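Participant: Here is a sequence together with a model predicted from it:
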Amino acid sequence: MQTGEPTRTQAPSDKSDEASRQARTVSAWDLPTRLFHWSLVVLVAFSWFSFQYSEILKDPVLKYHRWAGLLVLTLLVWRLLWGIFGSSTSRFKAFLPGPKKVTSYASAMLSGREPKYLGHNPLGALMIFALLGLLIVQATLGLFSVEHNDLTAGPLYRFISEAGREQATDWHVFLFNTVTLWLIGLHILANVFYALFRGEPLIKAMLTGHKPKRDYADAQKAEIAARPLLRATVLLALSAVIVFGGIWAVGGKFLQMRLW
């Protein structure tokens, strides 16, 4: 008869689980890029909600909508800076596609043999640039837009004529409803398509920062920027100075912009 301590089955340690995960995946997106992405999603959604349902928010002068717009613009300026000083997959030069690369990738995709990309594939890159450009134009137009009366106006509305304000307002609304919303929907559908039919967990990668280890066409792993959170925080502060400081410097008026 055997005596002594009973044998215990040891559960896998967190450390071994992490090592196993790292063996199967590679870094794709740094934390600042992922925080930017999901923050932009929330702010754009809130911008739409705060305009459409301002009565529910008891906000007749749209102060929440305008604050959201200024924060969106600040994030977009940050993304422009991060596209220069950020990690490898976030830098614009890493995924700026030429016409030949786009047509070649589109042709390969139609036959189901498109190469895999660690960062944005050529068609995805076009979508990213289109969305960033549209949102920058929209947020900028919002600085000059007027709704209802002069108390519901962007901080730079006084710098253009009344006709100019009306045009800025019309384009601000038109672009969002007829272009931006459709592109956002197409972007979501494309991500779902790649996840379901191409085995590329793009949405999951933007949450975890990792993609499955495989042979990618652009890079085998992301080169994460040194001290990414510190670098991102400094650039975010600079972006806020550019947006809010720039508006203040030229004499813009933050009418009815108190949050409460």
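Facilitator: In hand now; what should we look at?
Participant: What's the local residue count around Leu156?
Facilitator: As a burial measure, Leu156 scores 20 neighbours (other CB atoms under 10 Å). All C-beta atoms are positioned from the backbone trio N, CA, C, and that covers glycine.
Participant: residues in contact with it?
Facilitator: 143-144, 247, 250, 252 (CB atoms under 8 Å, 6 or more residues apart in numbering).
Participant: Excluding chain neighbours, what is closest to it?
Facilitator: Leu143 (4.4 Å; CB to CB, 6 or more residues apart in numbering).
Participant: Check the spacing between the closest residue in space to Thr169 that isn't next to it in sequence and Ala108 real quick.
Facilitator: Distances taken as CB to CB, 6+ apart place Ser145 nearest to Thr169, at 4.2 Å, with adjacent residues excluded. Relative to Ala108, Ser145 is positioned 43 Å away (CB to CB, to the nearest Å).
Participant: Neighbour count: these two, which is higher?
Facilitator: Using other CB under 10 Å, the more surrounded residue of Ser145 and Ala108 is Ser145, with 25 against 12.
Participant: Kindly indicate whether Tyr114 is helix, strand or coil.
Facilitator: Just so we're on the same page, residue 114 is Glu rather than Tyr. Put simply, Glu114 is coil when judged by DSSP: H, G, I helix; E, B strand; the rest coil.
Participant: Now do the helices for this structure: every range, in order, please.
Facilitator: Counting by DSSP state H, residue ranges of the helices within the chain are 14-24, 31-52, 63-85, 92-95, 99-110, 122-142, 162-175, 181-197, 202-208, 228-240, 246-249.
Participant: mean confidence for the third one?
Facilitator: Same thing as helix 63-85. For helix 63-85, mean pLDDT is 96.
Participant: Give the buried residues for it.
Facilitator: 63-79, 81-83 (16 or more other CB atoms under 10 Å).
Participant: Could you check the angle it makes with helix 31-52?
Facilitator: 160 degrees (axes from the mean of the first three to the mean of the last three CA atoms, to 10 degrees).
Participant: Mind exporting the C-alpha coordinates of helix 63-85 to PDB?
Facilitator: Taking Å, rounded to 0.1, in the frame of the first residue of the first chain, the C-alpha atoms of helix 63-85 are listed here in PDB:
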ATOM      1  CA  LYS A  63     -23.300  71.200 -26.900                       C
ATOM      2  CA  TYR A  64     -22.700  67.400 -26.500                       C
ATOM      3  CA  HIS A  65     -22.600  67.000 -30.300                       C
ATOM      4  CA  ARG A  66     -20.100  69.800 -30.600                       C
ATOM      5  CA  TRP A  67     -17.900  68.500 -27.800                       C
ATOM      6  CA  ALA A  68     -17.900  65.100 -29.500                       C
ATOM      7  CA  GLY A  69     -17.000  66.700 -32.800                       C
ATOM      8  CA  LEU A  70     -14.000  68.400 -31.200                       C
ATOM      9  CA  LEU A  71     -12.800  65.200 -29.600                       C
ATOM     10  CA  VAL A  72     -13.200  63.400 -32.900                       C
ATOM     11  CA  LEU A  73     -11.100  66.000 -34.600                       C
ATOM     12  CA  THR A  74      -8.500  65.800 -31.800                       C
ATOM     13  CA  LEU A  75      -8.300  62.000 -32.300                       C
ATOM     14  CA  LEU A  76      -8.000  62.400 -36.000                       C
ATOM     15  CA  VAL A  77      -5.100  64.800 -35.600                       C
ATOM     16  CA  TRP A  78      -3.500  62.300 -33.300                       C
ATOM     17  CA  ARG A  79      -3.900  59.500 -35.900                       C
ATOM     18  CA  LEU A  80      -2.100  61.700 -38.500                       C
ATOM     19  CA  LEU A  81       0.800  62.100 -36.100                       C
ATOM     20  CA  TRP A  82       0.700  58.400 -35.100                       C
ATOM     21  CA  GLY A  83       0.800  57.600 -38.800                       C
ATOM     22  CA  ILE A  84       4.300  59.100 -38.800                       C
ATOM     23  CA  PHE A  85       5.600  58.400 -35.300                       C
END
